[in-house]
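Participant: Got a sequence here, can you model it:
(chains A, B, C and D)
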Protein chains: 4
Amino acid sequence: MAATRRPGRNHLFVPGPTNIPDRVQRAMLVPSEDHRSVDFPALTKPLFEDTKKVYGSTDGTIFLFPASGTGIWESALTNTLCRGDKVLTSRYGQFSHLWIDMAQRIGLDVVVQEEAWGTGADPQKIEEALRADTNHEIKAVMVVHNETATGVTSDIGAVRKAIDAAGHPALLFVDGVSSIGSLPFRMDEWKVDCAIAGSQKGLMLPAGLGVICVSPKALQASEGKAGRNDRLAHVYFAWEDHRKQNPAGYFPYTPSLPLLYGLREALACLFEEGLENVYHRHHVLGEATRQAVAAWGLKTCAKDPKWNSDTVTAIVVPEGVDAAQIIKHAFVRYNLALGAGLSQVAGKVFRIGHVGDLNELSLLGAIAGAEMAMNDCGLKVTPGSGVAAASNYLREHPLNKN
Amino acid sequence: MAATRRPGRNHLFVPGPTNIPDRVQRAMLVPSEDHRSVDFPALTKPLFEDTKKVYGSTDGTIFLFPASGTGIWESALTNTLCRGDKVLTSRYGQFSHLWIDMAQRIGLDVVVQEEAWGTGADPQKIEEALRADTNHEIKAVMVVHNETATGVTSDIGAVRKAIDAAGHPALLFVDGVSSIGSLPFRMDEWKVDCAIAGSQKGLMLPAGLGVICVSPKALQASEGKAGRNDRLAHVYFAWEDHRKQNPAGYFPYTPSLPLLYGLREALACLFEEGLENVYHRHHVLGEATRQAVAAWGLKTCAKDPKWNSDTVTAIVVPEGVDAAQIIKHAFVRYNLALGAGLSQVAGKVFRIGHVGDLNELSLLGAIAGAEMAMNDCGLKVTPGSGVAAASNYLREHPLNKN
Amino acid sequence: MAATRRPGRNHLFVPGPTNIPDRVQRAMLVPSEDHRSVDFPALTKPLFEDTKKVYGSTDGTIFLFPASGTGIWESALTNTLCRGDKVLTSRYGQFSHLWIDMAQRIGLDVVVQEEAWGTGADPQKIEEALRADTNHEIKAVMVVHNETATGVTSDIGAVRKAIDAAGHPALLFVDGVSSIGSLPFRMDEWKVDCAIAGSQKGLMLPAGLGVICVSPKALQASEGKAGRNDRLAHVYFAWEDHRKQNPAGYFPYTPSLPLLYGLREALACLFEEGLENVYHRHHVLGEATRQAVAAWGLKTCAKDPKWNSDTVTAIVVPEGVDAAQIIKHAFVRYNLALGAGLSQVAGKVFRIGHVGDLNELSLLGAIAGAEMAMNDCGLKVTPGSGVAAASNYLREHPLNKN
Amino acid sequence: MAATRRPGRNHLFVPGPTNIPDRVQRAMLVPSEDHRSVDFPALTKPLFEDTKKVYGSTDGTIFLFPASGTGIWESALTNTLCRGDKVLTSRYGQFSHLWIDMAQRIGLDVVVQEEAWGTGADPQKIEEALRADTNHEIKAVMVVHNETATGVTSDIGAVRKAIDAAGHPALLFVDGVSSIGSLPFRMDEWKVDCAIAGSQKGLMLPAGLGVICVSPKALQASEGKAGRNDRLAHVYFAWEDHRKQNPAGYFPYTPSLPLLYGLREALACLFEEGLENVYHRHHVLGEATRQAVAAWGLKTCAKDPKWNSDTVTAIVVPEGVDAAQIIKHAFVRYNLALGAGLSQVAGKVFRIGHVGDLNELSLLGAIAGAEMAMNDCGLKVTPGSGVAAASNYLREHPLNKN
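Facilitator: Below you'll find the model as predicted:
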């Protein structure tokens, strides 16, 4: 809390947690109730089915955990793999790095393809590695769909094609924490085996509900692990306990009721807007942001337009400017929360999240704020230039496709 | 409700109701309780004292009614005046007009000084009228402090000087609905006798709580009216019933609990920011808005800078442009609620409210939205020009004085 | 607030304000919005129609005021009557008394039939008075349907028959503040001309929304009053201003948005349960309460079963016992809010409200609490006796008719 | 959701999740915010210190996880132990059983002392087992403080004495999910090494925040495990990641903001009431419940008064009666949620939770409801008898010690 009250609302433009729509806030305002009551399944059973739609899946199985996305990374790995199993992945930002770190710490043999920060997974290199793995030692390919740290989206469809081209049976695990519910996601089409989401991004909820969608192939891989001596044994994140309870609408331990009620309402929001409209809106707001960056004469962290993320833009500041100072100033002076640069890009970038429940004028307010904070901190950009460029684009491109 | 969901928040820039701060929303979320309990006065008694601070009064008495500001107009008139009493007032906008209409309909003899819309009360003319009233037939002078329809603030201190210069005993009634809590208000210094506020403007609450601060002189005027045959007899808005109950912390009929709890929190917000900071902030945001209007090459309804309101700006559109269309387009396309022109200025102005719990980036979002809506509707302004002008001003002028 | 925290919930058994259902609380948690927007009528227009159902009316017109029920009393009288008009009414409790007091203070000539507290309106006496009024000087008959102070319900159908039997054209005004939405109310069948409700009783909302349903005959009576010199001139509560705006879904002044959203949800609650079920439930809970009183060996204020109110029971304590002390003790020690005796019956009765959103176990908790408080305060009743009697009755009588 | 609306509130008497106080509900109603902002530590840093008070600890370290209590079981085991490590524990109910199951599934060697359901941990047998373990192969003793399934509280102080008497260095892990915040807990005095709590019991929050307090000895045990090949490798529940971030007020992954704000308010509630008063209140309500059970002529699952739990009472129904039917009937007919019998005692007991934010009349309502449900289902008890016994006790024993 600040020493004195800051008037007005906080302008939240970190790439998650995202703004919670009013109606979702209302939906979460629930008294406690017996999660074993005869009424309870009427709430929960539709959630499992409806959540799959956001993944673009009909074949998958949804598990809901009281956890953040980090826990769901762990759930994917530990339910399907054994100690010492080999996995293939790429590192191109802080979140791909952290998932690698987890995989290593829980005892997997992680083959890392290092990619430049500002790029993403390289399907060709993945295909080559898989082709070379003639013994099929690689049990899974792990890809971060949207690298939140750099504002880069990898092409999961291309990764799938690479795996298929190599004729390799590895599972495909995708971190969709900052993409699912915001960017097009085609679980079944891309034959993703584990797709990981958190509640606090495109699902427009507080953090605390971890979501995974699991393919039949991954479910099968998880079965029988219980009996093995080298299993990555877990209970909290184990699917088997959930599979015993979920079909009847219950959970193996006490779920967080507000988040379940909130999820129901958030899904209703997404479906009322229409998922294709949601994806389109994220694209329009992302492009508007990039138009502003170009008007400022700055560059994004994404090294090529093909890597552009429609949920977050990382903006590179010139040498000699401290992006961290801009971020702090924006927060303290203008009540604007921008995302910081992490690790390799700390101090070198600031990020504008444009994910979740947003519209044009909220974004333009943030762009105006970024302009002001940059100018205040010695990074001179033409006042109004970013807003002008973004608003010109937005006038031409309605948020709704229809 | 719209047919399809509009993503993101509504940008509310009508001059009331205003945005409710989150903490005030929380404070209003209360279960019902017995408003006759022994605990209840601990909530209510401080409200009467603290609300006076917002009026700049120590001598006054606060009455709180479940009502909108319109009801409080009626409370001022009916408690102090009798049928056929003469009152003096000026008309320069829709709200001064409506108060005059009420005064006439309840049976007062209203002397109206017509002023051009875009100007306000003329102290010199008021002084002249009072000097001419040698028999002191005029019982009260009614002034709308801030004419919400045109974005004009009258000078109450000058009106007081005019009354004093005329040596006239008339009561001074001030409509402060869109000023109190936002613009400097000096009840005691200006010797205001009845000052009227609503909850949905500077007090940052939903509508429904009408507030009046009454001077000792007005209280005295109200006494004894009960016995008179020509009284403007009321019960609901009668002060006498409240005076019997309020000192002990109770009300003559059931109060709206959420609004009382909300008022407590809203006052805490104002005091934490500091009333002088609140006034300063409104001035800065108002001036930033005017800078944007000037950059667009447009004019405000206020005919001279001395009339500028710091809570609402009415922007005149050129001949041939329909302001109503801009307003509707802004709402439907950009989720931006602008204020409409009313009565004489319908279709000729749109209004940007900058009152209540606001900060720079919210305002800049609205300015950007107004730019877009104007351009979409054929009123060409340079994209980004208003935002640039406003943001340049805002960078130089922090919201907080300290 | 108490000096130290009282654990657990407050048990609210005053006869209003009543408990707000969770879903109604949620529904009221709304941001401010422009009450002049193109979206707004989608909220408001159905409210006018749906509210009529609670009155048992299709012919009537609903007006919604930011006000408590007291204001709506005033709205009924001032829109239809002129100064000096004669009205006929009965006094049998504090609320009928207060309405009489209002009628007198606003300048009506009130003919009062005094009835014993614990009884209600006497149709025969009303018929006689109307028959005697051969010149039809009596313009209206005012009846409090449910006298909250004594727990007595008058028979409005019988009053209607009395008026008709006398062949008298007087308007029929009914205070339904503590009956409408809880007890059967047949506006059209009983040919009620003005029926007054508040939000904080059967409508399960906070106080602050005053509701009136007006018959075509009363609407006609109100027309033309504006031109008369002896009108009970009002503006805030005038129907004419609302009639200009309501059909399009708007209001003449800023409405309280949370209460409108809350009303929509509260009506949905009533309709989902079914109005007949709601009435039945109130009867069952009322009878259960009376069974408890009988088991305690005490008497209700209602002097005959035909006067029993199904929304509130006033319990007479024996000579020498101070009911006020029981009430205070129940509140401080057991967090139980009972209703106090008012005026004539102050100290002689305590009241258990059983109105609004209640079920069996909440009521039994209150009955248990009343037992404990009585015993603590020296009024010895057999512990558990009231609960046993009430629960035996409740086991036999489900709350839902179906 | 039920097909038709059930009027009134749900009476929640499962032993968790518990009722959320209104002020805690309010506190959780927060917008999203940047959990990396400069303001954030002002919220979080005091939480770590204040939560320790509820554990009776000054030496411990608090970790907060987005998880249910089950996850915190896992956190205790996996941070301190290695694969194949031997642990000693007792089984006497469903929750002690589930923790044993977890320990086995993650690869520990679990020595189980079977105790009759209705009793608890036997300090003497624990001492004997530890004395026999001369090689100190037992690395930890696991005890469920309050077995929620049977309503039994074990004596942790006695377990500590047993460990000390045996001169054994084993760590002491205590599941305090249904005790901490409700029953006296003396972390430091009892030298507990890991104490596990969930948010949805005595902390009066929704589920979703897992809390552990860790002694310096357990922290030390956890260090260096990272390097070992046989570690129970985890990342999500690893303390080391939190230890890097918590001292500055941050978390290694996105925390659930509503639960953190709710925790702050829930702690304030506990401290305002006073922890000793909280414990006393739970004892009084527990004893009142037991008085009711005795009055009904029934027995609790707890086989001796020394095992009585003050947070939940499991009531044994006679042969031939199906407790599950009573529970279902109570829920459907009376909106009363009772706890079911689990596993061994399924159908044989129903449970009344009396944990969290409760007071006398809420409990008496539930007791009345249990009476009615039993009688409806053919288990005849004297109507009102339980309420009479409980209320007599409650009249003599105020909830507040002072």
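Participant: buried stuff in stretch A:264-280?
Facilitator: A:264-267, A:269-270, A:273-275, A:277-280 (16 or more other Cβ atoms under 10 Å in any protein chain shown). For every residue, glycine as well, the C-beta is placed using N, CA and C.
Participant: One more: stretch A:125-133?
Facilitator: A:126-127, A:129-130, A:133.
Participant: So which of the buried residues of stretch A:264-280 are in helices?
Facilitator: When the buried residues of stretch A:264-280 are checked against helices (DSSP state H), the matches are A:264-267, A:269-270, A:273, A:275, A:277-280.
Participant: closest to chain C among the buried residues of stretch A:125-133?
Facilitator: Within these, proximity to chain C (Cβ to the nearest Cβ) peaks at residue A:126, which comes in at 47.0 Å.
Participant: What residues does that closest one make contact with?
Facilitator: Residue A:126 makes contacts with A:88, A:90, A:113, A:141, A:159, A:162-163, A:166, as judged by Cβ atoms under 8 Å, 6 or more residues apart in numbering or on different chains.
Participant: Residue A:197 too?
Facilitator: Here residue A:197 is in contact with A:54-55, A:69, A:72, A:176-177, A:180-181, A:203, A:210-213 (Cβ under 8 Å, 6+ apart).
Participant: Same list, the buried residues of stretch A:264-280, but only the ones touching chain B.
Facilitator: With Cβ under 8 Å from any Cβ of the partner chain as the criterion, the buried residues of stretch A:264-280 include A:269, A:273-274, A:278 near chain B.
Participant: could those go into JSON lines alongside pLDDT and distance to residue A:14?
Facilitator: Converted to JSON lines, those look like this (pLDDT from 0 to 100; distance: Cβ to Cβ, whole Å):
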{"residue": "A:269", "pLDDT": "98", "distance to residue A:14": "20"}
{"residue": "A:273", "pLDDT": "96", "distance to residue A:14": "22"}
{"residue": "A:274", "pLDDT": "96", "distance to residue A:14": "26"}
{"residue": "A:278", "pLDDT": "98", "distance to residue A:14": "19"}
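Participant: As a markdown table, those residues with distance to residue D:291 would be great.
Facilitator: Converted to a markdown table, those look like this (distance: Cβ to Cβ, whole Å):
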| residue | distance to residue D:291 |
| --- | --- |
| A:269 | 50 |
| A:273 | 56 |
| A:274 | 59 |
| A:278 | 58 |
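Participant: and chain D, which of those contact it?
Facilitator: Among these, proximity to chain D is found for none (Cβ under 8 Å from any Cβ).
Participant: quick one, phi/psi of the closest residue to chain C within the stretch 151-300 of chain A?
Facilitator: At 9.7 Å from chain C, residue A:261 is the closest residue in the stretch 151-300 of chain A, using Cβ to the nearest Cβ. In this entry, residue A:261 is assigned phi and psi values of phi -60, psi -40 (degrees, to the nearest 10).
Participant: what sits against it?
Facilitator: Counting by Cβ under 8 Å, 6+ apart, residue A:261 makes contact with A:27-28, A:30, A:43.
Participant: did I read that right, residue A:195 in a helix?
Facilitator: No: according to DSSP: H, G, I helix; E, B strand; the rest coil, residue A:195 belongs to no helix; its state is strand.
Participant: Give me every residue in the stretch 101-250 of chain A lying close to chain D.
Facilitator: A:101-102, A:105-107, A:198, A:200, A:206-208, A:226, A:232-238.
Participant: Are we agreed that residue A:65 is in a strand?
Facilitator: Yes: according to three-state DSSP, residue A:65 belongs to a strand.
Participant: For the closest residue to residue A:98 other than its chain neighbours, give me the pLDDT.
Facilitator: Excluding the flanking residues, the one nearest residue A:98 by Cβ to Cβ, 6 or more residues apart in numbering or on different chains is residue A:70, at 7.6 Å. Looking at residue A:70, its pLDDT stands at 97.
Participant: Quickly note the distance from residue A:70 to residue D:253.
Facilitator: Taking Cβ to Cβ, to the nearest Å as the measure, residue A:70 falls 4 Å from residue D:253.
Participant: same check, this time on residue A:198
Facilitator: Here the criterion is Cβ to Cβ. By it, residue A:198 lies 9 Å from residue D:253.
Participant: Look at the two and report which has more neighbours.
Facilitator: Counted by other Cβ atoms under 10 Å in any protein chain shown, residue A:198 and residue D:253 do not tie: residue A:198 has more neighbours, with 30 against 21.
Participant: Name the residues linked to that one by a beta bridge.
Facilitator: Beta-bridge partners recorded for residue A:198 (DSSP bridges): residue A:210.
Participant: Got the confidence number for it?
Facilitator: Looking at residue A:198, its pLDDT stands at 94.
Participant: residue contacts, it?
Facilitator: Contacts of residue A:198 (Cβ under 8 Å, 6+ apart): A:16, A:68-69, A:72, A:177, A:207, A:209-211, D:254.
Participant: Going by distance to residue B:293, which of those wins?
Facilitator: The nearest member of those to residue B:293, counting by Cβ to Cβ, is residue A:16 at 36.8 Å.
Participant: in the stretch 151-300 of chain A, which spans are strands?
Facilitator: A:152-153, A:171-175, A:194-198, A:209-214, A:299-300 (DSSP state E, counting those that start in this stretch).
Participant: Which of those has the highest mean neighbour count?
Facilitator: Stretch with highest mean neighbour count among those: strand A:194-198 (a mean of 30; mean count of other Cβ atoms under 10 Å in any protein chain shown).
Participant: re earlier: which among the buried residues of stretch A:264-280 gets closest to chain B?
Facilitator: For those, the nearest to chain B is residue A:273 (4.7 Å; Cβ to the nearest Cβ).
Participant: Relative to chain D, how far out is the closest one?
Facilitator: Residue A:273 sits 19 Å away from chain D, going by Cβ to the nearest Cβ, to the nearest Å.
Participant: related to what we said a few turns ago, which two in the contacts of residue A:126 are spaced the farthest apart?
Facilitator: Comparing all pairs in the contacts of residue A:126 by Cβ to Cβ, the longest separation belongs to A:90 and A:166, at 15.2 Å.
Participant: who has more neighbours, these two?
Facilitator: Comparing residue A:90 with residue A:166 by other Cβ under 10 Å, the one with more neighbours is residue A:90, at 26 against 19.
Participant: What is the helix or strand containing the residue nearest to residue A:98 packed up against?
Facilitator: Residue A:70 belongs to helix A:69-80 when assigned by DSSP states H and E. Secondary-structure packing of helix A:69-80 (3 or more Cβ pairs under 8 Å, 6 or more residues apart in numbering or on different chains; DSSP states H and E): strand A:61-66, helix A:94-105, strand A:138-144, strand A:171-175, strand A:194-198, strand A:209-214, helix A:216-222.
Participant: can you give me the helices for chain A?
Facilitator: Using DSSP H, helices in chain A cover A:22-28, A:40-55, A:69-80, A:94-105, A:123-132, A:156-166, A:216-222, A:239-245, A:257-273, A:275-296, A:323-334, A:360-376, A:385-396.
Participant: and the last one, does that touch chain B?
Facilitator: Yes: Helix A:385-396 comes into contact with chain B (Cβ under 8 Å from any Cβ), by way of A:385, A:387-389, A:391-392, A:394-395.
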